[in-house]
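In: have a look; sequence and predicted model below, questions after that.
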Amino acid sequence: MKNLLAIACAFGLFSGAVAAPKKVVMIAGKQSHGLLSHEHNAGIQLLAKCLKEGASKLVTPVVQLNGWPSDESIFEGADAVVIYADGGGRHPALQGNNLEKLGKLMKTGAGFLTIHYAVEPTTNKGNKEFLDWQGGCFETHWSVNPHWVANFNKLPKHPITRGVKPFKANDEWYFHMRFRDDKKGKLIPILSDVPPKETMKRGDGAHSGNPAVRKAVAAGESQHVAWAYRREDGGRGFGFTGGHNHLNWGSDDFRKTVLNAILWVSKAKVPKEGVPSKVTKEDLYANLDGRRGKKPAPKSAPGAKKK
C-alpha cells in the first residue's frame, strides 16, 4: 500500500500538484506606422505585463521585440506563439524559412495567435499554413481593412469570452476573411458585427474592396473579426484583426479577449472571469516606438485606470 501511495504522489494524483505554466513566445514586429498606431513593441510588452500580473501561474510570456529572434532557442518548449507585427511581404513568419520552422513547432501541438496586420500572410506564401494553424487569415483582393466602430453586443459562450462584456471599439477591423472549410465545427467566431455601408466607400483594390465583399456588406452579412480554431492535430489558433489603435488596449474587454485567447491557444485553463488586468494611462504610453515625432503626454484613454 505504501508503494502505491508513493507512486500516486509521484504522479501528482494525491499531491494537488499544479501544472507548470505554459510557455508563450510573443513576437513584436518593428515600427511601421506613426505614434499610437501599430505599436507592436509597446502592445506586446503591455500584454505580457498583464499576463505576468494576472496569470503568472498559468503562462510564462517570453517577449521578443523588433522582429524574428536571432536566437531561435527561444522557441524550445513553446506551447504557443503570438505575433503582433506587419503582415504581407514584411511578415516576420514569412522571411527566409521561418514558416517551415513554425510548421515544425505547430506539429508539436503548439498554439498560434496573430494580431492585426499579422493575420495577413501573402497568397503565395503563408496562406495555406495560416489557414491550417488558425483557421483563417486576411487574403488580398478578398478581405478588406477599413476603419469603423464595431459593436460586439453578442458574445458566444467560449473560454475566450469568459469575463468579457459586450463592447464597442473604433479600430481598423479587417473583415471578409478567408476561412478554411469547416464541416466539423472547429472554427468558432468570437467577435462579429455587421459593418456599415461606409466601409465600402473606397474603390476596389488589394485591401480596399472587391465585388464579393461589396455584395456581403450590401446583404448585411455579419463579419467575423476574431475567431478561434481547434486544429485536427489538437493544436489551437486564434486570429484577432483589431489592434491598429494602440489606445484600445486600455479597454478592459478588448484587452481581456486577447489575454484569454493567449491562454486558450497555449492550452492553459482560462479563469472563470477571464484574465484579470489593470492598465493605467502611464502603462498605455510606455514603450512607444516614438521615432516619428515627440511622444505624446498621457491622456484619457478607453478603459484606462488611474493610479
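Out: Received the coordinates, thanks. Numbering: from 1, shown residues only.

In: let's test this: mean pLDDT of stretch 165-183, rounded?
Out: What stretch 165-183 shows for mean pLDDT is 96.

In: and for stretch 237-244?
Out: Average pLDDT, stretch 237-244: 98.

In: what ranges do the strands span in the stretch 201-307 of the chain?
Out: 223-230, 236-240 (DSSP state E, counting those that start in this stretch).

In: could I get these as a markdown table with mean neighbour count?
Out: Using the backbone N, CA and C atoms, a C-beta is placed for each residue, glycine as well. What follows is the strands of the stretch 201-307 of the chain, written out as a markdown table (neighbours: other C-beta atoms under 10 Å):
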| stretch | mean neighbour count |
| --- | --- |
| strand 223-230 | 23 |
| strand 236-240 | 28 |
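
In: to residue 119, which of those lies closest?
Out: Among the strands of the stretch 201-307 of the chain, the nearest to residue 119 by C-beta to C-beta is strand 236-240 (4.8 Å).

In: that closest one vs strand 223-230, what angle?
Out: Strand 236-240 runs at 160 degrees relative to strand 223-230, counting by axes from the mean of the first three to the mean of the last three C-alpha atoms, to 10 degrees.

In: partners of strand 236-240 in the sheet?
Out: Strand pairing for strand 236-240, determined by DSSP bridges: strand 111-115 (parallel), strand 223-230 (antiparallel).

In: for residue 168, which of those strands is the nearest?
Out: strand 223-230 (12.6 Å).

In: show me the contact partners of that closest one.
Out: Applying C-beta atoms under 8 Å, 6 or more residues apart in numbering, the external contacts of strand 223-230 come out as 133-136, 150, 158, 160, 173-177, 179, 186-195, 216, 236-242, 257, 261, 264.

In: what about 7 Å?
Out: 134-136, 150, 158, 160, 173-177, 186-193, 195, 236-242, 257, 261, 264 (C-beta atoms under 7 Å, 6 or more residues apart in numbering).

In: pLDDT weak spots in this protein?
Out: 1-17, 291-307 (pLDDT under 70).

In: can you show me the helices along it?
Out: Using DSSP state H, the helices found in the chain span residues 2-10, 40-54, 98-106, 127-134, 211-218, 252-265, 281-284.

In: return the set of buried residues in the fifth one.
Out: Along helix 211-218, these residues count as buried under the neighbour rule (16 or more other C-beta atoms under 10 Å): 213-214, 216-217.

In: widest-spaced pair of those residues?
Out: Greatest spatial distance among these (C-beta to C-beta): 214 and 216, at 7.3 Å.

In: for residue 268, which non-adjacent residue is closest in space?
Out: Sequence neighbours aside, residue 58 is the residue nearest to residue 268 in space, at 4.2 Å (criterion: C-beta to C-beta, 6 or more residues apart in numbering).

In: mind listing what that neighbour touches?
Out: Contacts here follow C-beta under 7 Å, 6+ apart; on that basis residue 58 touches 21-22, 263, 268-269.

In: can we see that at 10 Å?
Out: Applying C-beta atoms under 10 Å, 6 or more residues apart in numbering, one finds that residue 58 lies in contact with 18-22, 24, 51, 262-263, 266, 268-271, 275.
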